[in-house]
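Visitor: build me a structure from this.
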Amino acid sequence: MSSSEHTATATATATASTKQEGSNASTAKLCDGCAKSFPSRNAIFKHLKDTDGSCLSKDDYQNYIRYVKTPKKFPKVVLLYGYLPSSSLKIRNGQDAGKFLLQTIHQLQNETDRIDSNDGNSGNSNNDGNNNNSDNTNIGDSTTTTTNAVDDTTSSAESSIYKINRSYGYYSRSAECVDQDKDTATQTEVMAVRLPPLSNEKGAGGGGISSSSSVVDDWLDQVQNKLDEKFQIQRQQQQQQQQENNNDYCHVHNITPIRIFGRQDMPNSKFNAETDVTYRRVEYLLPVDLLTWSIKDPKIKDTVQNLPLFAENHKHDINHVENKEGHSYSGSRPEDTVRLYMLGLKNTMKLLTTRIVKLDMNDKGSVMEKEFSLKNQKKNKTYRDNKKSVKKKIIDPKKEEEEKIVREDDNDNDNDNNEDNKGTASVTAITATSDNPTKLLMKEGKKTNILKRKRYHNFTEKMMAHDYFAYRRLDRIYHRATMNFPMGNNNINHDIEGVSLDTETIVNNNNSIRYIALSISGDLFLTGQICRIVGVLLALLNGTIDEEFVDCVFDEDYPHLVPTPPVPIWGMISSEVHYAKQEGKTKCILSPRVSNQYKKGWNKPSTLLRVKDWQAEVYKYIDDKWKKDGRDDEGRLNSAHEWTQNVLLPWAEKAKCHLEDYKCWKNNQIQTGMKFSTSDDCCPDANDTQILPSVIESTKLIDPTMPDVFQKVVFNLRKLDTSGEWPTTSSKRQLVMVSTLDGLKDNVDQKAESLSEAFSKAKRNEQDRSSAYSFLEGEGGASGSFSVGIMPGGIHKQPKANSMFPDLVKAAFELEVNLFPKREPSSTIAINRNAQFRPHTDSGAGAGQSTSLIVGLGTYSGGELMVEGEKHDIRYKGIEFDGWKQRHWTMPFNGERYSLVWFTPKGCEGMRGIDLDLK
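Guide: Numbers count the residues shown, from 1 in each chain. Down below sits the predicted model:
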């Protein structure tokens, strides 16, 4: 008998006793609470359910609750909630808010069931058999009842149950690069969780929304009241302990930082709140003070201050829907200068978004993406057709069988053969199209478009151009609303959108701040991406950088990182997510909006009003953050002025140098067909702010002599090089190496493949290993990279180069000891020949490695190592850096360049390459 069966049996015995009555050996079940007799166990449990166990003692009642609920798998539900950052409750993102919310729901459930929250057995095991599955967060998992969210020091076994499945999470993708920006306000977020059904819901099997709206609303009010109660207790405790936190907006203004809006059953048990998102929308509340100055137009202040006030699209505004007469918009038509400015704002925003363009058949990367899209569409269509066919057979299998018999009887052999031939031809045609979609794309007269994604690696600190998640879709940036807030920020009943206020009165009110609400939508956002998008947008609007900078920052071939300026994080709002596909499957609205498409979901007035009220609180929070430092003598927000002076303008000076170097690189690419310039007089001279490539000296000016300590290694490197036996480079390592032309000697006119194409080939292991001798010499490129020493994975995973080049391996490990005698000897070395690396962090065997040590060797100029934007001359100079966490890359160079990188991969700790037996 399993442990769960044993527990259930013991509980049943404790709850209902069996007694023999008379000599007929008939049995009767007695309730231990009221001693009433029932004919069966089912009858007694029906009695307990009808009376809600009111006749039982506290201990028996808790046993009854565990017995009833433990064996069942709770239905999946989705919760809609919003939150503000709060240092008092340690809430910095949706993960913290979700933990706190689930703990509160758990406490409320225990109080409803009259279970002691401190009872160690109150946490029911209801997790589909896997606590680590983020898709199966359960009420029983959240047994922690403290007021603070679980901190980062929680053990992995304990914290695994808190991997909450939510809209802005990253656990399902296992990609921290898309983690939600910390300390951002959230208007709405969706969380998938398994919870006990409400009182009048139909069982625990799900099956759609079965509870009435009033029951759900009552439950939401109970949860919110419990949240308010816990927050007040925490606030009072801090006041008593004199731990006032004046930087915590929620604490100062007595606002509960978590607000719950809705709950509904999820019929689709496989629903994933994170990965099923169709698109996301965020907002940035931008004070017009950041737009009231411009290098291009000194009179811009008057234009910006006259921007018309308008609300978000009234079709989605619950206030407008409830008002049958509709809104009346005050104000007059904007002046021509204002309308021209708004048009320019719109066009500038488009520069940073992805666009639909005509497919270029010469662009292999775009063609490959289109082929993949067509295959995916065909696969989905086939799945839908098969599903319809199966459904049709299930509906009337007898009729289908009769029709099949009639067809077989009516058709003779010739007709059967004709049908077979016709079907074969049709299948062959489809297969040909599926196997080679390019033929379909090249069909005469067919116009084919493609969504041209962009690489947003320069808009985050966690990604590089070759990374999969850097290749993103950003659908739209637009001016969603213009609104005013009073300086005191204490009138909570004013119209947030400013629609009903007199325009002239608001403009002349010195105690108000005007904001522009920018709306940004896309498929997925990288950490820090939104704030940097807005920062670049401001730089373009104010004229601090030329529009050509946009080409520079998105060019995937440009082998350098180009920093972008982040605006303050507090202006960002995670607004909403949409589940278009899931809404079609479940027939219910999964994002709060005014819609009559489906009857079920979050389109009810009660839900929309809750969200609307919370939106006002979120806007007030952001307004308070912008105003916290007051104004300067000219009436401008100090926070906006400080960001401009301390972030934007210093960045703009460096950005101009980046842009000049990019133009230099681009001109050489066009003129010579090369991917980068090795020397060009058009490049600016290096200076204190110059961190990108300048003129590379001729190798004739380089001193060919070398320190004695390097002579043995260089001798062995040159010996291997001239022998023609330099090992080939793996396809995955080629992804982070710059190829000269993809530079084949035999075809110097060949166009380099896109990163999308190279990444796809490397992922499928379809790309050949590159030979060090097939590329143009002396100008970087994938000219040869291999590893020696000890690798994790056992004896069969060790590098073959150890036995092929024992003298080189021995000399290289000895060099590390001679250069850094106090450093723990490494287990592994990466040996590179004429290799220029793209910005990257070490992965694969380098993941989790120790601190790396690198040195450059040979007669070359240029070739400095860049580590997070800082330039290091490594020619016969060893430096240490964190290759696993710090982004690093190689500058262009001339001449003969070797480099050695010593490191110890995770799994090789304590192993020393210098101790290898190389006989």
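Visitor: what mean pLDDT does stretch 296-309 have?
Guide: Taken as a whole, stretch 296-309 carries a mean pLDDT of 79.
Visitor: buried stuff in it?
Guide: Buried residues in stretch 296-309, counted by 16 or more other Cβ atoms under 10 Å: 300, 301, 303, 304, 307, 308, 309. Bear in mind the C-beta positions are built from the backbone N, C-alpha and C, glycine included.
Visitor: which of those fall within helices?
Guide: Among those, the subset assigned to helices under DSSP state H consists of 300, 301, 303, 304.
Visitor: lowest-pLDDT helix or strand in the protein?
Guide: Taking mean pLDDT, DSSP states H and E as the measure, the helices and strands of the chain show their lowest mean at helix 156-159, namely a mean of 35.
Visitor: and residue 640, how many neighbours?
Guide: The burial count assigned to residue 640 is 24, neighbours taken as other Cβ atoms under 10 Å.
Visitor: one step back: farthest-separated two in the buried residues of stretch 296-309?
Guide: Largest separation among those by Cβ to Cβ: 300 and 309, giving 18.5 Å.
Visitor: isn't residue 176 right up against residue 463?
Guide: No: the criterion here is Cβ atoms under 8 Å, and residue 176 misses it with residue 463 at 10.5 Å.
Visitor: give me the buried positions along the longest strand anywhere in the chain.
Guide: The residue-count maximum for a strand in the chain (DSSP state E) belongs to strand 474-486. Buried residues in strand 474-486, counting neighbours by 16+ other Cβ under 10 Å, are found at 474, 477, 479, 480, 481, 482, 483, 484, 485.
Visitor: wait, which of these is closest to residue 86?
Guide: Proximity to residue 86 was ranked across those by Cβ to Cβ; first place goes to residue 485, at 21.0 Å.
Visitor: could you find the closest non-adjacent residue to residue 918?
Guide: Spatial nearest neighbour of residue 918, chain neighbours left out: residue 806 (3.8 Å); criterion: Cβ to Cβ, 6 or more residues apart in numbering.
Visitor: can you check residue 558 too?
Guide: Nearest non-adjacent residue to residue 558 (Cβ to Cβ, 6+ apart): residue 662, at 6.2 Å.
Visitor: what helix or strand does that neighbour sit in?
Guide: Element membership for residue 662 (DSSP states H and E) is helix 649-672.
Visitor: next secondary structure element downstream of that helix?
Guide: Immediately after helix 649-672, counting by DSSP H and E, sits helix 711-723.
Visitor: average pLDDT for that next one?
Guide: Average pLDDT, helix 711-723: 92.
Visitor: cool, and stretch 65-77?
Guide: For stretch 65-77, mean pLDDT rounds to 71.
Visitor: what about stretch 467-485, average pLDDT?
Guide: Averaging the model's pLDDT scores along stretch 467-485 yields 90.
Visitor: send me it as CSV with only the CA atoms.
Guide: This file holds the C-alpha atoms of stretch 467-485, laid out as CSV (Å, rounded to 0.1, in the frame of the first residue of the first chain):
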residue,chain,number,x,y,z
ASP,A,467,22.6,34.9,-29.3
TYR,A,468,19.3,33.5,-30.3
PHE,A,469,17.2,35.8,-28.0
ALA,A,470,18.9,38.9,-29.3
TYR,A,471,17.0,38.4,-32.6
ARG,A,472,13.7,40.0,-31.6
ARG,A,473,10.5,41.5,-32.9
LEU,A,474,9.4,45.0,-31.8
ASP,A,475,6.1,45.6,-33.5
ARG,A,476,5.2,49.2,-32.5
ILE,A,477,6.2,52.2,-30.5
TYR,A,478,3.5,54.9,-30.4
HIS,A,479,2.4,58.0,-28.5
ARG,A,480,-0.5,56.4,-26.5
ALA,A,481,-1.6,59.4,-24.3
THR,A,482,-0.7,62.8,-23.0
MET,A,483,-1.7,63.5,-19.4
ASN,A,484,-1.2,65.9,-16.5
PHE,A,485,-0.6,65.3,-12.8
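Visitor: residue 563 reaches residue 460, doesn't it?
Guide: No: contact between residue 563 and residue 460 fails when scored by Cβ under 8 Å: they sit 10.8 Å apart.
Visitor: now the helices for the stretch 1-150 of the chain?
Guide: 3-15, 41-50, 58-69, 94-112 (DSSP state H, counting those that start in this stretch).
Visitor: tell me what the longest strand of the chain is packed against?
Guide: helix 336-350, strand 512-522, helix 529-541, helix 605-627 (3 or more Cβ pairs under 8 Å, 6 or more residues apart in numbering; DSSP states H and E).
Visitor: go again with 6 Å.
Guide: Counting by 3 or more Cβ pairs under 6 Å, 6 or more residues apart in numbering; DSSP states H and E, the packing neighbours recorded for strand 474-486 are strand 512-522.
Visitor: in the stretch 201-350 of the chain, where is pLDDT below threshold?
Guide: Along the stretch 201-350 of the chain, the model assigns pLDDT under 70 to residues 201-211, 242-244, 313-332.
Visitor: in the stretch 751-900 of the chain, which spans are strands?
Guide: Along the stretch 751-900 of the chain, the stretches classed as strands by DSSP state E, counting those that start in this stretch are 785-789, 828-833, 852-857, 860-862, 865-867, 870-872, 879-881, 888-890, 893-895, 898-903.
Visitor: so which of these is nearest residue 586?
Guide: For residue 586, the closest of the strands of the stretch 751-900 of the chain is strand 888-890, at 46.4 Å, according to Cβ to Cβ.
Visitor: who touches the closest one?
Guide: By Cβ atoms under 6 Å, 6 or more residues apart in numbering, the residues outside strand 888-890 that reach it are 836, 837, 838, 839, 866, 867.
Visitor: now swap in stretch 912-919 and tell me
Guide: 789, 790, 806, 809, 810, 813, 825, 827.
Visitor: reformat those as JSON lines; add pLDDT, distance to residue 375 and neighbour count.
Guide: Written out in JSON lines, the entries for the contacts of stretch 912-919 read as follows (pLDDT from 0 to 100; distance: Cβ to Cβ, whole Å; neighbours: other Cβ atoms under 10 Å):
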{"residue": "789", "pLDDT": "93", "distance to residue 375": "42", "neighbour count": "27"}
{"residue": "790", "pLDDT": "91", "distance to residue 375": "42", "neighbour count": "22"}
{"residue": "806", "pLDDT": "93", "distance to residue 375": "48", "neighbour count": "16"}
{"residue": "809", "pLDDT": "94", "distance to residue 375": "46", "neighbour count": "23"}
{"residue": "810", "pLDDT": "94", "distance to residue 375": "51", "neighbour count": "19"}
{"residue": "813", "pLDDT": "95", "distance to residue 375": "49", "neighbour count": "25"}
{"residue": "825", "pLDDT": "93", "distance to residue 375": "50", "neighbour count": "17"}
{"residue": "827", "pLDDT": "93", "distance to residue 375": "43", "neighbour count": "26"}
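Visitor: in helices only, show me these.
Guide: With helices taken from DSSP H, the overlap with the contacts of stretch 912-919 comprises 806, 809, 810, 813.
Visitor: nearest to residue 638 among the residues you listed?
Guide: Each of the ones in helices among the contacts of stretch 912-919 was checked against residue 638 using Cβ to Cβ; the closest is residue 813, at 57.0 Å.
Visitor: tell me the phi and psi of the residue lying closest to the closest one once chain neighbours are set aside?
Guide: The spatial neighbour of residue 813 that comes closest, neighbours along the chain excluded (Cβ to Cβ, 6+ apart), is residue 914 at 4.1 Å. In this entry, residue 914 is assigned phi and psi values of phi -70, psi -20 (degrees, to the nearest 10).
Visitor: tell me, how many residues neighbour residue 914?
Guide: What residue 914 shows, counting by other Cβ under 10 Å, is a neighbour count of 15.
Visitor: alright, that wraps it up for me.
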